[in-house]
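J.: Build me a model:
(chains A and B)
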Amino acid sequence: MIKVSHLRKEFELSRQQKKELNTTANKALAVDDLSFECQPGKVFSLLGPNGAGKTTTLRMLSTILSPTSGSIEIAGIDAVKYPQEARSKIGFLTGSTGLYARLTPLEIIDYFAALYQVPSKEKEERKKYLFDLLNMNDFLQKRIGKLSTGMKQKVSICRTMIHNPEVVIFDEPTSGLDVITAENIIKLIRDCKDQGKTVIFSSHIMSEVDLLCDDLAIVHKGQLKYNGPMSDFRQNMEASNLTEEFIRIVQR
Amino acid sequence: MIFTIFKKELIDTLRDKRTMRTMLLIPLLVFPITLTLFVNVSSSFEKKASEEKLKIGVWGDLGSKYWNQLKEMPDGLGKKELENFEDSAALKRAIEQGEIQLGLIVPKNEAELTRTKQSIPLTWLFDASSVGRQQRAESYMNFMSNKAEAIRLQELGVDVEKIHPLVPVYQNCASDKKMIGQLAGGFLPYIFIAFGFIGCMYPAIDLFTGEKERGTIETLLTTPVSRWQILVGKMMVVVTSGMLAASCALLGLFVSIEFLDIVQNKEILDIVHGILTPSFIIAMFSLLFPLVVFFAGAMIPIAVYAKSFKEAQSIITPLNFVMVLPAMIGFFPGIELNALTAAIPVVNIVLSTKELISGTLSVGYYCISLGIMLLLATLSVIVSYRQFGNEARILN
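T.: This is a model prediction of the structure:
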């Protein structure tokens, strides 16, 4: 479960950034008083246009960034106070995730299993399960640099799930991927939901959200514009389709 | 956890061809190749110059006295062929055009000067841009001069010892080890500093800027490993790489001395063997280790700050000069290790290593040098940690 309450994030602006943004302000507000809850066994979608604050929010959830104020609870752990403990419960995947090109998939998975301190027996079981599930056995010993995008994506998925996390965070996971590779991600999100994990994913593609999510939050300029079940969103929409309704809410 | 990160980063680094080249291959081969080339080329030049048959033009030797002396000279002083010139300007022109390699001008009043027992100026013409010409002239001149001096002394009935009442005897009280330490001791730390820096450079950029550029840092930061553990694991690889590069350079130098006959003087070779004892190597590495940590600590904040490999490289490369230039202090004679120089980073390492080679390093100055470098290394680690913990820097 994820509980977010009155989350706020301000960034100090460098001289260069002030120049680029044409502002004299010393700080930029990226996330402004966000509160929401993601339930286990459900897919929660964070929807918003580019620059809405989705990535910043997810980075705070994964404790890469510290919030300026507000609280985050990950699987019952106060993630602001105990970030390291919270991170052990999280699997994090982004569309732009890179992999170590000079290592093999097997080495990468072993490395992350060690970082997550997965016990040896459990590690071997998880590896076998994931390698079979993702059909990775043929390229386990090849260097990442020699793999196709689809193969790399499978390695990323395996890396995210090796410690069997309770909470899975996806930041625009299908961004830049072709339809077939993106399908692996869609399947992974569904599997996570079926396994009772808490899933949060960000996107700016309404069709993807429609396909997967149970609960929805729309953010724009760091503020929450909508938060509720997807079924309510569909029922109460004023525009003729989901994309137009999303645009209407954002521009409201 | 630190060891897990260290192991992975080391494997990753060792598989990078660019790092391998700068860390192992170049340091290992640079001395065997350059020294072999230098020794072979210079000895072949010397051999060629000594074996070369020179054409010597002689002008003004009316009595054929010097002509004959030159002709009778043993070939051990260099092979030659003589040619008589009627005109000094023609002789000079022939040397300029390379037709003649040495010219000897005997003064017209040579007979008069000999008779009146005065000094006879013999002028040698040569082209100094050609290797070994002056040396050949000097060796002929010494031969002729000794002969002339002996004849004149005999004519005067004077014993050689009577005209040299004082005979200087210079005796060097410094040990050969000390001499080598002072003359060549600056070279060793310079090599270590230069290659230690280069060895740290590529891994520092690759493991920090490279990880940002490739988008792998975000993933690493979501693991339940603290940032200081990640930093220390990565930093250990940077330091290992710097130490390896410097050690490889020293190993290359040792191989050159030991197996490639670079040092042909057996006495010097014995002294070098006497210097390279295990205790010397341990003491030297104890001085150089904090220096390499300091290098790593200076580079990491830059690598974290930089947005691209190119940007990091463009900042760190000039830093090379700032760090390595003080190491050249070791080449200057007269600058010694004292309380002040022991407190100057880099300079203290160079001077301490020099004294270590000479066997004259004082424990007090060693402790000051080591203490300063350890302090600096600690500070650089703190700065690196702060920069690595700065979320705006690490994710930019």
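J.: For chain A, what's its nearest residue on chain B.
T.: Taking C-beta to the nearest C-beta, chain A has its nearest neighbour within chain B at residue B:215, 3.4 Å off. C-beta here means a position set from N, CA and C on the backbone, and glycine is covered the same way.
J.: my guess is that residue contacts residue A:98, does it?
T.: Yes: under the contact definition of C-beta atoms under 8 Å, residue B:215 touches residue A:98, with a separation of 3.4 Å.
J.: quick one: which of those two has more around it?
T.: Residue environment comparison for residue B:215 versus residue A:98 gives the larger neighbour count to residue A:98, 19 against 14, counting by other C-beta atoms under 10 Å in any protein chain shown.
J.: wait, doesn't that one sit right on residue B:212?
T.: No: proximity of residue A:98 to residue B:212 does not meet the contact threshold set by C-beta under 8 Å, at 9.6 Å.
J.: Can you list the residue ranges for helices in the stretch 201-350 of chain B?
T.: Across the stretch 201-350 of chain B, reading from the start of the chain, the helices by DSSP state H, counting those that start in this stretch fall at B:211-214, B:217-221, B:227-259, B:266-275, B:278-305, B:309-324, B:347-358.
J.: mind pulling up the phi and psi values for residue B:346?
T.: phi 70, psi -50 (degrees, to the nearest 10).
J.: residues of stretch A:193-201 that come out buried?
T.: The neighbour-count criterion (16 or more other C-beta atoms under 10 Å in any protein chain shown) identifies A:193, A:197, A:198, A:199, A:200, A:201 as the buried residues of stretch A:193-201.
J.: what's the fifth one in contact with, if anything?
T.: Residues near residue A:200 by C-beta atoms under 8 Å, 6 or more residues apart in numbering or on different chains: A:2, A:38, A:43, A:44, A:45, A:46, A:58, A:61, A:167, A:168, A:169, A:170.
J.: what is the last one paired to in the beta sheet?
T.: Using DSSP bridges, the bridge partners assigned to residue A:170 are residue A:93, residue A:201.
J.: Likewise for the fifth one?
T.: Using DSSP bridges, the bridge partners assigned to residue A:45 are residue A:201, residue A:216.
J.: Kindly report the same for the first one.
T.: In this structure, residue A:2 has the following beta-bridge partners (DSSP bridges): residue A:38, residue A:74.
J.: Count the residues that sit near it.
T.: Taking other C-beta under 10 Å as the neighbour definition, residue A:2 ends up with a count of 24.
J.: now swap in the third one and tell me
T.: Taking other C-beta under 10 Å as the criterion, the count of residues near residue A:43 is 25.
J.: so what's residue B:220 up against?
T.: Residues counted as contacts of residue B:220 (C-beta under 8 Å, 6+ apart) are A:115, B:211, B:230.
J.: if you set the cut-off to 7 Å instead, what comes out?
T.: Residue B:220 is in contact with residue B:230, counting by C-beta atoms under 7 Å, 6 or more residues apart in numbering or on different chains.
J.: Leaving out the residues flanking it, which one is nearest to residue B:83?
T.: Excluding the flanking residues, the one nearest residue B:83 by C-beta to C-beta, 6 or more residues apart in numbering or on different chains is residue B:57, at 5.1 Å.
J.: Does that neighbour touch residue B:94 like I think?
T.: Yes: counting by C-beta atoms under 7 Å, residue B:94 is a contact partner of residue B:57 at 6.0 Å.
J.: about what we covered before: joint contacts of residue A:98 and residue B:212?
T.: Between them, residue A:98 and residue B:212 share no contacting residue, judged by C-beta under 7 Å, 6+ apart.
J.: Could you give the average pLDDT over the longest helix seen in chain A?
T.: If you go by DSSP state H, chain A has its longest helix at helix A:179-194. When the per-residue pLDDT values of helix A:179-194 are averaged, the result is 82.
J.: Stretch A:230-249 now?
T.: Model confidence over stretch A:230-249 averages 84 on the pLDDT scale.
J.: and if you look at stretch A:140-148?
T.: Per-region confidence: stretch A:140-148 scores 90 on mean pLDDT.
J.: Can you mark which positions in it are buried?
T.: A:140, A:144, A:147.
J.: Next, the residue in the stretch 51-200 of chain A that chain B sits nearest to: secondary structure please.
T.: Taking C-beta to the nearest C-beta as the measure, the stretch 51-200 of chain A has residue A:98 as its residue closest to chain B, at 3.4 Å. The three-state label for residue A:98, taken from DSSP: H, G, I helix; E, B strand; the rest coil, comes out as coil.
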